[in-house]
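*Asks:* when you get a sec, could you give me coordinates for this:
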Amino acid sequence: MFDSREYPKALDETLFEQWLQAGRESKMSYEYMLVVWDDLDSDYHPEYVVGRKDFESFPQWGSSSTQSTMIAVYHLYSESRVL
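*Replies:* Numbers count the residues shown, from 1 in each chain. Purely as a prediction, here's the structure:
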């Protein structure tokens, strides 16, 4: 995933699937998973949120110079890309 010049590096599909599963199995009522790029670690990590309002103000990749930027948002249950 994210294997193009638009993104900082590719993301392993198996790891991505593990992240989705972890979000679904969480005791919290998460609805969305954010794929976040961390400049200091030079790696991706997931962040889980309950609703759209929780990620609407998150800095997006390519439009922010902060340490952590959102690459994409996925709905945990339909697995569709939201943003």
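*Asks:* could you use CA atoms for every contact and neighbour count after this?
*Replies:* Will do.
*Asks:* and the contacts of stretch 56-66?
*Replies:* Among residues not part of stretch 56-66, those counted as contacts by CA atoms under 8 Å, 6 or more residues apart in numbering are 37, 68-71.
*Asks:* quick one, strands of the chain?
*Replies:* Assigned strands in the chain, in chain order: 32-38, 43-49, 68-75 (criterion: DSSP state E).
*Asks:* adjacent strands (with direction) for the first one?
*Replies:* Strand pairing for strand 32-38, using DSSP bridges, gives strand 43-49 (antiparallel), strand 68-75 (antiparallel).
*Asks:* in CSV, list these along with mean neighbour count.
*Replies:* Putting the strands paired with strand 32-38 into CSV (neighbours: other CA atoms under 10 Å) gives the following:
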stretch, mean neighbour count
strand 43-49, 19
strand 68-75, 20
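*Asks:* Leu83 is nearest to which of these?
*Replies:* Ranking the strands paired with strand 32-38 by their distance to Leu83 (criterion: CA to CA) puts strand 68-75 first, at 5.0 Å.
*Asks:* what is the burial count for Asp38?
*Replies:* Applying other CA atoms under 10 Å, we find 16 other residues in the vicinity of Asp38.
*Asks:* any idea how far the residue nearest to it when sequence neighbours are not counted is from Tyr7?
*Replies:* The shortest distance from Asp38 to any non-neighbouring residue, by CA to CA, 6 or more residues apart in numbering, is to Ser68 (4.5 Å). Counting by CA to CA, to the nearest Å, the separation of Ser68 from Tyr7 is 14 Å.
*Asks:* pick out the residue closest to the middle of the chain.
*Replies:* Closest to where the C-alpha atoms of the chain average out (CA atoms, centre = their mean) is Val35, at 1.3 Å.
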